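Novice: how would this look folded up:
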Amino acid sequence: MEDVSDPPFRKLCKMHGADLMFSEFISSEGLIRDAMKSRKKLDIFDYERPIGIQIFGGDEEAMAMSARIVETVNPDLVDINFGCPVKKVVCKGAGAGVLKDVDLMVRLTKAVVKSTHLPVTVKTRLGWDSHSINIDETAERLQDAGIKALTIHARTRAQMYKGEADWEHISRIKNNPNIEIPIFGNGDISSPEKALEYREKYDCDGIMIGRAAIGYPWIFNEIKYFFKTGKHLPKPNLEERLFAIRQHAEWSAEWKGEKLGLIEMRQHYANYFREIPHFKEFRKRFLEVVTLQEMDGVIEELAHLKMN
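Specialist: Next comes the predicted model:
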């Protein structure tokens with residue numbers, strides 16, 4: 001979710017029912033070096049609460065120092081990312097790169113727990129590959145290290161985001177009598193039906209949604225409504241999608257500056273208009289806008305065509 005789950009994106013998700021949100025993951029080394037991009041990711045706002053700031057790294061001292069820096073902006077919790085499978089992160093011995101060394105994972109976690117008064121949580125994967133699934137040992141040892149909750153992405157690092165997430169592992173951890181902390185499941189939740197099925201089948205304490213919310217913040221309220229009623233909320237129509245994308249663009253421009261904010265919006269357009277017929281012809285137009293005024297022109301044209 002790097003370059004995705006920033007404040008503008010999180011504001012939309014909160015408006016549409018997200019209960020707990022996390023920042024983009026932040027490099028511990030970047031925070032210590034006072035890197036501008038890393039520091040910018042510490043921006044959080046009261047309307048987002050509860051909000052966690054997620055950090056990653058492979059050095060105990062750096063992780064401890066970064067946790068103390070995070071504490072200064074007063075989030076509700078600190079989350080450690082031991083799950084990111086991206087090569088540039090793994091090669092630095094961080095994210096999923098730590099999955100090969102549970103001892104190191106525990107030392108890094110203890111360093112963070114000892115350095116902050118905030119609750120510390122962890123997100124991780126099942127293991128490095130199918131031959132080294134170590135989530136059972138990892139869960140117990142991280143709990144002993146002092147974390148308050150664990151989120152498990154039910155894939156190995158080798159799988160990246162391919163194949164089907166195997167939630168049987170999550171269920172086993174949740175039902176381990178030695179595990180007392182909340183266990184959250186992650187991976188492949190893309191609809192209200194699947195959210196309900198997995199919650200009931202695998203008995204986890206909650207569900208984390210990432211990629212399915214990109215361009216579709218409505219998923220949170222849709223899931224909540226389905227849990228309560230067994231019925232579906234109406235899908236957002238074109239006008240609602242246009243309104244959401246205009247809000248997102250405006251907040252992005254306010255936070256990053258108009259030109260950069262709209263350039264970084266480009267990754268969202270296709271997702272906002274997924275399954276909307278005839279959007280393809282407008283996609284290029286959206287990709288070319290660099291001012292809110294230009295965006296308003298494209299939106300008005302789309303809305304006018306729909307009305308006629």
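Novice: who's in contact with residue 167?
Specialist: 154, 185, 187, 198, 201, 202, 204 (C-beta atoms under 8 Å, 6 or more residues apart in numbering). The C-beta positions use only the backbone N, C-alpha and C, and glycine is treated the same way.
Novice: likewise for residue 269?
Specialist: Residue 269 touches 215, 245, 283, 286, 287, counting by C-beta under 8 Å, 6+ apart.
Novice: least confident pick among those residues?
Specialist: pLDDT across the contacts of residue 269 is lowest for residue 283, at 78.
Novice: what about that one, how many residues nearby?
Specialist: 13 (other C-beta atoms under 10 Å).
Novice: could you say what helices and strands the biggest helix by length in the chain packs with?
Specialist: When the chain is parsed with DSSP state H, its longest helix is helix 238-256. If you count contacts as 3 or more C-beta pairs under 8 Å, 6 or more residues apart in numbering; DSSP states H and E, helix 238-256 packs onto helix 7-15, helix 258-264, helix 269-272, helix 292-307.
Novice: check which residues of it are buried.
Specialist: 238, 241-242, 244-245, 248-253, 255-256 (16 or more other C-beta atoms under 10 Å).
Novice: cool, stretch 28-40 as well?
Specialist: Within stretch 28-40, the residues that count as buried by 16+ other C-beta under 10 Å are 28, 29, 30, 31, 32, 38.
Novice: do the same with stretch 127-139
Specialist: The neighbour-count criterion (16+ other C-beta under 10 Å) identifies 127, 128, 133, 134, 135, 136, 138, 139 as the buried residues of stretch 127-139.
Novice: with adjacent residues omitted, what lies nearest to the third one?
Specialist: Nearest non-adjacent residue to residue 133, counting by C-beta to C-beta, 6 or more residues apart in numbering: residue 127, 3.9 Å away.
Novice: pop out the phi and psi values for that neighbour.
Specialist: phi 160, psi -180 (degrees, to the nearest 10).
Novice: and if you look at the one 5 residues further on?
Specialist: Note on residue 132: backbone dihedrals following degrees, to the nearest 10 are phi -140, psi 40.
Novice: pull up the gap between it and residue 188, please.
Specialist: 22 Å (C-beta to C-beta, to the nearest Å).
Novice: circling back to that earlier point, the residue nearest to residue 133 contacts residue 99, correct?
Specialist: Yes - here residue 127 reaches residue 99: they are 5.7 Å apart, a contact under C-beta atoms under 8 Å.
Novice: joint contacts of those two?
Specialist: Common neighbours of residue 127 and residue 99 (C-beta under 8 Å, 6+ apart) are 134, 156, 157.
Novice: what residues are up against the first one?
Specialist: This points to residue 134. Here residue 134 is in contact with 99, 102, 126, 127 (C-beta under 8 Å, 6+ apart).
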